[in-house]
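Novice: no sequence on this one, just coordinates:
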């Protein structure tokens, strides 16, 4: 099945679902267990989905592997932007930063590169989520 998954496809799949299959009462809130210390949250989250799709095909697992990688890339890019902002706030809060410190902040860190990476990673995450939803 080599069908490109788009938002239109996902909406069509959602609208094809019979109303009787929707739960009559809202699902109970489940407290999310914290992931083990040695595993990032993205890995634990994808593993939970992997267990839910335990009978999935090898292709499903490959899509989940890509989703895991995309989540990691998004988290790394976001951390890079957050780190640059923290450095700016620390330098400006120092009292009297020199013009060279401020210029170094303006020219260094490449925050726009991290934002571009984040944009790309988020687009990939959204695409993978649509692929997973289409396989459910």
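Specialist: Nice, thanks for sending it over. Since the model is a prediction, treat every value here as computed from it, not as a measurement. Numbers count the residues shown, from 1 in each chain.
Novice: counting by contacts, list what the longest helix along the chain packs against.
Specialist: Ranked by residue count under DSSP state H, the longest helix found in the chain is helix 58-93. Packed against helix 58-93 by the contact rule (3 or more Cβ pairs under 8 Å, 6 or more residues apart in numbering; DSSP states H and E) you find helix 41-52, helix 99-107, helix 111-135. Backbone N, C-alpha and C define where each C-beta goes, glycine included.
Novice: show me what contacts the residue nearest to residue 128 when sequence neighbours are not counted?
Specialist: The shortest distance from residue 128 to any non-neighbouring residue, by Cβ to Cβ, 6 or more residues apart in numbering, is to residue 67 (4.0 Å). Applying Cβ atoms under 8 Å, 6 or more residues apart in numbering to residue 67 gives the contacts 46, 49, 125, 128, 129, 132.
Novice: was I right about the first one contacting residue 72?
Specialist: No - look at residue 46 against residue 72 with Cβ atoms under 8 Å: they stay out of range, at 9.7 Å.
Novice: those two: who's more crowded?
Specialist: residue 46 (22 against 16; other Cβ atoms under 10 Å).
Novice: residue contacts, the more buried one?
Specialist: Counted by Cβ under 8 Å, 6+ apart, residue 46 has contacts 64, 67, 68, 71.
Novice: in the chain, which ranges drop under the pLDDT threshold?
Specialist: Scanning the chain for pLDDT under 70 picks out the ranges 1-43, 54-56.
Novice: quick check: residue 73 vs residue 103, distance?
Specialist: Shown here: residue 73 relative to residue 103, a distance of 30 Å by Cβ to Cβ, to the nearest Å.
Novice: got it, and residue 94?
Specialist: Residue 94 is 15 Å from residue 103, by Cβ to Cβ.
Novice: how about residue 74?
Specialist: The gap separating residue 74 from residue 103 is 30 Å, by Cβ to Cβ.
Novice: can you check residue 85 too?
Specialist: When distance is defined by Cβ to Cβ, residue 85 is 17 Å away from residue 103.
Novice: equivalent analysis for residue 97, please.
Specialist: Shown here: residue 97 relative to residue 103, a distance of 10 Å by Cβ to Cβ.
Novice: who's more crowded, the two?
Specialist: For the pair residue 97 and residue 103, the greater number of neighbours falls to residue 97 (16 against 11), based on other Cβ under 10 Å.
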